[in-house]
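Student: Just a sequence and a predicted model for now, questions to come.
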Amino acid sequence: MVIDAFQLMKSYVQPASRLDVLKGVTFQVKEGEFLAVVGPSGAGKSTLLHIIGGLDKPSSGTVSVDGEDIYRLGDKARAKIRSRKIGFIFQFYHLLPEFSALENVLLPAMVCGRNTDMSFLKARAGELLGKVGLSHRLEHRPGELSGGEQQRVAIARSLMNEPKILLCDEPTGNLDSASGAEIINLLAELNRDKKLTLIIVTHDSGIARRAQKIVMMKDGRFMDGPGRADDHNNNNDGLKDEVRCV
C-alpha cells in the first residue's frame with residue numbers, strides 16, 4: 001500500500017471546549033489508485049488530507065507512506081518525504097503573486113535541493129507547463145492568468161519533484177464548470193498515464209464518479225469502507241443526497 005492510515009484521531013482542545021474532527025479513520029490506498037472523499041462541510045475531509053500529507057499531526061493513530069510511518073519521524077525527515085513523494089493541489093492555488101508561472105513551478109525543486117542545475121530545473125518546469133497547456137504563459141504572473149490557468153500552474157508545480165501521490169483539496173471549487181472539467185480531465189489523465197496515486201476531496205458528485213473508489217465522510221468518520229465508483233453509480237441517489245447536504 002502506498003498509503004496506510006490507521007485509527008486517525010484529531011482533536012482541538014481549548015480550555016472550555018473540545019472539538020473532535022477525526023474519530024478513528026482507517027483506510028488504505030494502493031499505488032496508482034484514484035480515490036474520492038466526499039461529504040458535508042465540517043466532516044473532516046480537509047483535515048484528513050492534511051494529515052495524510054504530513055502537514056498536520058494526528059492526535060493519535062498512524063499514517064504510513066510507502067511503508068514508513070511518517071509521524072514516527074522528526075519534522076525534517078517528514079518534510080523530506082512530503083517534498084519528494086507527495087504533491088498538493090488546493091482550491092485557492094497558493095501561487096506567489098510576484099513570481100512568474102515558471103518561477104512558481106520551480107519552487108518545490110529549489111526547496112527540495114535534489115538538483116541544483118538551474119538550467120535543468122528550468123527546462124523541466126517549462127516542460128511541465130507545456131504538458132498542462134501553458135507553454136505560452138511561462139513568464140506571466142498569477143494576476144495575469146485566469147483561474148483555470150492558475151490551477152494548471154499549481155498542478156505543474158505539484159509535479160515538479162515527481163511525486164508518487166497527488167492530494168487535491170477541492171481542486172475545482174474556485175473554478176467555473178468548464179475550467180473545472182478541464183482540470184479534472186487533466187488529473188484523471190495523470191492518474192491513468194503516469195500511474196500517480198490520486199486522492200481528491202470534493203463536494204462534486206460528478207468528480208467523485210470519475211474516481212475508482214469513493215468514500216463518504218460525516219462527523220469525522222467514514223460512513224462505510226471505500227467502495228468502487230461503479231457501486232455508487234448503481235446507487236447514485238445516496239451519493240447525490242450526501243453531496244447535496246453540503
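Tutor: Received the coordinates, thanks.
Student: make it CA atoms for all contacts and neighbour counts henceforth
Tutor: Noted.
Student: just checking, Arg52 touches Gly61?
Tutor: Not quite, residue 52 is Ile, not Arg. No: if you go by Cα atoms under 8 Å, Ile52 and Gly61 don't touch, sitting 11.2 Å apart.
Student: Overlap of the contact sets of those two?
Tutor: By the contact definition Cα atoms under 8 Å, 6 or more residues apart in numbering, Ile52 and Gly61 are jointly contacted by Ala5.
Student: Which of those two has more residues huddled nearby?
Tutor: Ile52 (24 against 16; other Cα atoms under 10 Å).
Student: OK, contacts around the residue nearest in space to the middle of the chain?
Tutor: Nearest to the mean C-alpha position of the chain, by Cα atoms, centre = their mean, lies Leu167 at 1.7 Å. Listed by Cα under 8 Å, 6+ apart, the contact partners of Leu167 are 49, 53, 86-89, 198-200.
Student: and the host helix or strand of it, which strands flank it?
Tutor: Per DSSP states H and E: Leu167 is located in strand 165-169. Using DSSP bridges, the strands paired with strand 165-169 in its sheet are strand 86-90 (parallel), strand 197-201 (parallel).
Student: could you redo those strands as a markdown table and give each row mean pLDDT and distance to Val111?
Tutor: As requested, these are exported to a markdown table (pLDDT from 0 to 100; distance: least, Cα to Cα, whole Å):
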| stretch | mean pLDDT | distance to Val111 |
| --- | --- | --- |
| strand 86-90 | 94 | 14 |
| strand 197-201 | 96 | 23 |
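Student: Next one, pLDDT for His203 please.
Tutor: We have a pLDDT of 83 for His203.
Student: same question but for Ala188, I mixed them up
Tutor: With respect to pLDDT, Ala188 scores 94.
Student: what's the one helix or strand it maps to packed up against?
Tutor: Mapping Ala188 onto the secondary structure by DSSP H and E places it in helix 177-194. Applying 3 or more Cα pairs under 8 Å, 6 or more residues apart in numbering; DSSP states H and E, we find helix 177-194 packed against helix 147-158, strand 197-201.
Student: and of the ones you listed, who's closest to Gly39?
Tutor: strand 197-201 (8.7 Å; Cα to Cα).
Student: Widest-spaced pair of the contacts of Leu167?
Tutor: Across the contacts of Leu167 (Cα to Cα), the longest gap, 13.2 Å, separates Ile86 and Ile200.
Student: which of those two has more neighbours?
Tutor: Neighbour count, other Cα under 10 Å: between Ile86 and Ile200, Ile200 has more, with 27 against 23.
Student: quick one: that one from Ile3, how far?
Tutor: Plainly put, Ile200 is 14 Å away from Ile3 if you go by Cα to Cα, to the nearest Å.
Student: which residues of this protein fall in strands?
Tutor: 3-14, 17-29, 34-38, 60-65, 68-69, 86-90, 165-169, 197-201, 213-218, 221-222, 227-228 (DSSP state E).
Student: buried residues in stretch 52-64?
Tutor: Using 16 or more other Cα atoms under 10 Å as the burial criterion, the residues of stretch 52-64 that qualify are 52-54, 57-58, 60-64.
Student: Nearest residue to Asn174 in space, please, no chain neighbours.
Tutor: Using Cα to Cα, 6 or more residues apart in numbering and skipping residues adjacent in sequence, the residue nearest Asn174 is Gln91, 6.0 Å away.
Student: should've said Gly147
Tutor: Nearest to Gly147 is Leu175, by Cα to Cα, 6+ apart, at 6.2 Å.
Student: mind checking pLDDT for that neighbour?
Tutor: 90.
Student: So what's the residue count around it?
Tutor: Burial of Leu175 is recorded as 17 neighbouring residues (other Cα under 10 Å).
Student: measure it to Arg152 for me?
Tutor: The separation that Leu175 has from Arg152, given Cα to Cα, amounts to 12 Å.
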